[in-house]
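Peer 1: Next comes the sequence, and after it the predicted model I'd like to discuss.
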Amino acid sequence: MQIRFGSAELSDERLAVGDPRVVDFLGKFSRKLLAVSRRHPELGSLGFFLRPAELQRAVARMASTDNTYVFPRGNVFHVPPANVDTIFVYSWALSALAGNHNVVRISSRSAGAAETVLEALNATLPEADPIIGRTQSMITYGRDDAITARFSAWCDLRVIWGGDAAVDALRRHPLRPSARDLTFPDRTSWAALSVPGWLASSAEARRGAVVGFANDAYWFDQAACSSPRTVFLVGGSPSQAEAVQAEFLPALGEVVAKRGWVVDAAMAVEKRVNAYGLAASGAVSAIAFPENAVTSLALADPSDAPRRWIGAGAFPFAHVASLAELVPAMNRQDQTFSHFGFAPAELRSFAGALAGRGVDRIVPFGSALTFSSVWDGYDLPREFTRLTTLET
């Protein structure tokens, strides 16, 4: 077991919800992240999320009232995924802000931004109150059931990010009766582009939508749970929808090329295999590879939109008359629904029609990867705390 941050053995010292020592540490850590965000743009979003003003807003949401006292949940064991190598910071930071003792297992496959995060954490630690290092730990270890079982038995809350298989594997290790799991299993996310809204938009607005969509899709090779997969063209005539798609895809290719994002050879092959597999099954009626980084697929039926990852830069398209047509196809696996060109009333009607059957977030293009303290339908500051009620 390799200690990447903090201590191997956590102390029994107690932290409070919104502990000033934690707030101070996270604020300084935020500044270090913002300083390196040019190399890793996703760290700019993380640094913004951890700004002191944002931290104070999160603390305010966890505040006690006259009849309800809010305390840390206790010990929290985080198991984040390897494919989105900064997600662990968000859940850990909110849990630390809630006053918990935390152990985070960092995947041995993490690299790039994750290593930069760890460097920034360790660079901030000497400036922090020593209690931070004694109550927070980030570790890396291989497949070792004994270590996983030890931390599972230790924790009051186990936070599992990853696919369904990862959740099932971790659940083999029992928790104590008073503990529970907070799981983030396989999720699918969608994008919807209003055909009338696009046609009525200025060239500048269209360009902004394409840039936002590219950020949502390409930062994590379209593998993040909130990255859009299928794109629904909503409203207008079929010929108008085709014209919008014909304008959108080249603009997307230009943005991707300008950003320097590429799809490597192995992933390009996998993407083609998956795309041709969908064609062989009858799920798609046409495939276009205008360039290696952008692939478009024409869905035969919008209700058959694939929920599995096809490959980086692969976008099935389908035309529907209205958002209401998509409601029956949504289920509890669906997480983020990003949009462009819709009136607020259309989106509110869609959210109401879903009635909790699926979709946890409805956000504009460019915000799919923006983390919020409410995620996957969980109010995380509340999940990381426990309540004591008082009646006199």
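Peer 2: Everything's here; your move.
Peer 1: contacting residues for P41?
Peer 2: W219 (CB atoms under 8 Å, 6 or more residues apart in numbering). Any C-beta I mention is one placed from the backbone N, CA and C, and that applies to glycine too.
Peer 1: L369: neighbour count?
Peer 2: Counted with other CB atoms under 10 Å, the neighbours of L369 add up to 23.
Peer 1: Distance check, it against P328.
Peer 2: As for L369, its distance to P328 is 27 Å (criterion: CB to CB, to the nearest Å).
Peer 1: Could you pull up the residues touching the residue nearest to Q245 when sequence neighbours are not counted?
Peer 2: Leaving aside its sequence neighbours, Q245 sits nearest to F317 (CB to CB, 6 or more residues apart in numbering; 5.7 Å). Contacts here follow CB under 8 Å, 6+ apart; on that basis F317 touches 230-233, 245, 296-299.
Peer 1: Just put those in CSV and tack on secondary structure.
Peer 2: Listed next are the contacts of F317 as CSV, based on DSSP: H, G, I helix; E, B strand; the rest coil:
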residue, secondary structure
T230, strand
V231, strand
F232, strand
L233, strand
Q245, helix
S296, strand
L297, strand
A298, strand
L299, strand
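Peer 1: Now R206: phi and psi?
Peer 2: Per-residue torsions, R206: phi -60, psi -40 (degrees, to the nearest 10).
Peer 1: buried residues in the strand or helix carrying A114?
Peer 2: Using DSSP states H and E, A114 falls within helix 113-124. By neighbour count on 16 or more other CB atoms under 10 Å, the buried set for helix 113-124 is 113-114, 116-118, 120-121, 124.
Peer 1: Show me where the stretch 51-200 of the chain dips below the pLDDT cut-off.
Peer 2: In the predicted model of the stretch 51-200 of the chain, residues 83-85, 110-111 satisfy pLDDT under 70.
Peer 1: how does it look with 80?
Peer 2: Applying pLDDT under 80 to the stretch 51-200 of the chain flags the ranges 82-86, 109-112, 162.
Peer 1: At which residues are the helices of it located?
Peer 2: Assigned by DSSP state H, counting those that start in this stretch, the helices in the stretch 51-200 of the chain fall at 52-61, 87-97, 113-124, 131-135, 145-154, 164-171, 195-200.
Peer 1: burial measure for the closest residue in space to A98 that isn't next to it in sequence, as a count.
Peer 2: Excluding the flanking residues, the one nearest A98 by CB to CB, 6+ apart is F384, at 3.9 Å. Close neighbours of F384, defined as other CB under 10 Å, add up to 27.
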